[in-house]
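Asks: I would like the atomic coordinates for the input below:
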Amino acid sequence: MDILIIGGTRFLGRALVEAALPRGHHLTLFNRGRSNPGLFPEVEQLVGDRDGGLDVLRNRHWDAVIDTCGYVPRVVRQSVELLAQNIGGYVFISSLSVYASTAQPGVNEDAPLAVMEDALREEITGETYGPLKALCEQVVQEALPQRSLIIRPGLIVGPYDVSDRFTYWPVRVARGGEVLCPGRPGRTVQFIDVRDLAEWTIGLLETGRLGIYNADGLPGDVSMGDLLHTCQQVAMALDPHNSAQLIWMDDDFLLQQGVGPWMEMPLWIPESDPESAGFFTFDVGRARAAGLTYRPLQDTVKATLSWALTRPGDYQWRAGLTAAREAELLQSWKQSRQN
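Replies: All right, here's what the predicted structure looks like:
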């Protein structure tokens, strides 16, 4: 297949290229040429800007387009309308954030979507990200009603993930010492390895699948305890003298200490949060029926850690506790247990 990837040199886009090339597909990447410009020299690369700089795509034909970086409906509309007459299908990478609520477990693809109060607003914030993605989906579906594939991933993890929302844990455990762990060890979490998502997406294209799919880990399959114990195993394989000791702190204590869920404390959402009941239970039955599979958790942790250890020592983390903040919380926790 001839596939155009909008993006293609960062995280998911990179994984899509690495999944498609060995399967014999011919790829073209379209991006601004700013991120990893020397990556994939064997692949055709077109430089432009999806917001008003699409001329290089005119009068070109592709069997499919994969849009990895559409966030604003007005901008997505430009690429969809320009390409509509010259492509077979359009894959839009959306997000599970499109749903109006996660207060109930088992949210599936038919659940109500979030709505933008101001449809002209384009500022991307924590509040607008999901509703804007929902509007982008609508643009794609209206322009290509019989040729669109909408994929809604949850937290995408693995090598080259600079969000650090998962990467924090393998690296922190590998550092050793007392590791602050949030909530209950048995609290289940949901995420998907970027390589599994990429392989599956290319497979959907090959089989001509259309429609909408939630793409996340299997609900109930992995707990926070499973993740951190796996991080310990991987760390021990790397360094048999690793001293990581898991110290579990309950939600109430962390909230009292003002710890920020999700970003300051990755993968942690307090169970008292009224929206938390469905946060880690998204229904992925449709995706599983369409061939989505998962690699072992140990593979994901090991690959993430191996990549993360290649980053500079002065790398500025985007998520996770600082060492000083963690030490402070550990001390407060010990004092509270003595009283």
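Asks: which residue is the nearest non-sequential neighbour of the residue nearest to the spatial centre of the chain?
Replies: Nearest to the mean C-alpha position of the chain, counting by C-alpha atoms, centre = their mean, stands residue 156 at 2.4 Å. Nearest residue to residue 156, sequence neighbours excluded (C-beta to C-beta, 6 or more residues apart in numbering): residue 194, at 5.1 Å. Where C-beta positions appear, they are placed from N, C-alpha and C, glycine not excepted.
Asks: my guess is the one you found contacts residue 16. True?
Replies: No - contact criterion C-beta atoms under 8 Å: residue 194 and residue 16 do not qualify, at 9.0 Å.
Asks: so for the two, which sits in the more crowded spot?
Replies: Using other C-beta atoms under 10 Å as the criterion, residue 194 and residue 16 rank with residue 16 on top: 29 against 26.
Asks: tell me what the residue nearest to the centre of the chain is bridged to.
Replies: Taking DSSP bridges as the rule, residue 156 bridges to residue 192.
Asks: can you start the count at 397 instead of 1 from here on
Replies: Understood, numbering begins at 397; the last thing we discussed is residue 552.
Asks: domains of this protein?
Replies: With domains defined by automatic domain parsing, the chain comprises 398-549, 564-585+615-672+692-734.
Asks: endpoints of the shortest one, how far apart?
Replies: It refers to domain 564-585+615-672+692-734. End-to-end distance of domain 564-585+615-672+692-734: 29 Å, with C-alpha to C-alpha, to the nearest Å as the criterion.
Asks: just how off-centre is it within its chain?
Replies: 18 Å (C-alpha atoms, centre = their mean, to the nearest Å).
Asks: packed most tightly, which of the domains of the chain would that be?
Replies: domain 398-549 (a mean of 18; mean count of other C-beta atoms under 10 Å).
Asks: start and end of that domain, how far apart?
Replies: 24 Å.
Asks: for the record, mean pLDDT for it?
Replies: Averaging pLDDT along domain 398-549 gives 96.
Asks: which stretches in the protein count as helices?
Replies: 407-416, 469-479, 525-539, 564-571, 590-603, 620-634, 647-652, 681-685, 693-704, 719-734 (DSSP state H).
Asks: the last one packs against which elements?
Replies: With contacts defined as 3 or more C-beta pairs under 8 Å, 6 or more residues apart in numbering; DSSP states H and E, helix 719-734 has these neighbours: strand 574-578, strand 641-645, helix 647-652.
Asks: could I get stretch 513-532 in PDB with only the CA atoms?
Replies: Only the C-alpha atoms of stretch 513-532 are listed here, as PDB (Å, rounded to 0.1, in the frame of the first residue of the first chain):
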ATOM      1  CA  GLU A 513     -19.200  25.100  24.500                       C
ATOM      2  CA  ASP A 514     -17.400  27.400  22.000                       C
ATOM      3  CA  ALA A 515     -16.900  25.500  18.800                       C
ATOM      4  CA  LEU A 516     -14.600  28.200  17.500                       C
ATOM      5  CA  ARG A 517     -12.200  27.900  20.400                       C
ATOM      6  CA  GLU A 518      -8.800  26.400  19.400                       C
ATOM      7  CA  GLU A 519      -6.800  26.700  22.500                       C
ATOM      8  CA  ILE A 520      -5.700  23.200  23.600                       C
ATOM      9  CA  THR A 521      -6.000  22.700  27.400                       C
ATOM     10  CA  GLY A 522      -6.800  19.800  29.700                       C
ATOM     11  CA  GLU A 523     -10.500  20.800  29.400                       C
ATOM     12  CA  THR A 524     -10.600  21.300  25.600                       C
ATOM     13  CA  TYR A 525      -8.400  18.500  24.300                       C
ATOM     14  CA  GLY A 526     -11.100  15.900  24.300                       C
ATOM     15  CA  PRO A 527     -13.900  18.000  22.900                       C
ATOM     16  CA  LEU A 528     -11.600  19.300  20.200                       C
ATOM     17  CA  LYS A 529     -10.600  15.700  19.300                       C
ATOM     18  CA  ALA A 530     -14.300  14.800  19.100                       C
ATOM     19  CA  LEU A 531     -14.900  17.700  16.600                       C
ATOM     20  CA  CYS A 532     -11.900  16.500  14.600                       C
END
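Asks: contact partners of it?
Replies: 466-470, 472, 488, 490-491, 493-495, 509-512 (C-beta atoms under 8 Å, 6 or more residues apart in numbering).
Asks: what separates that stretch from the chain centre, distance-wise?
Replies: With C-alpha atoms, centre = their mean, you get 18 Å for stretch 513-532.
Asks: returning to what we had before: which among the domains of the chain is found nearest to residue 685?
Replies: Closest to residue 685 of the domains of the chain, according to C-beta to C-beta: domain 398-549, at 11.8 Å.
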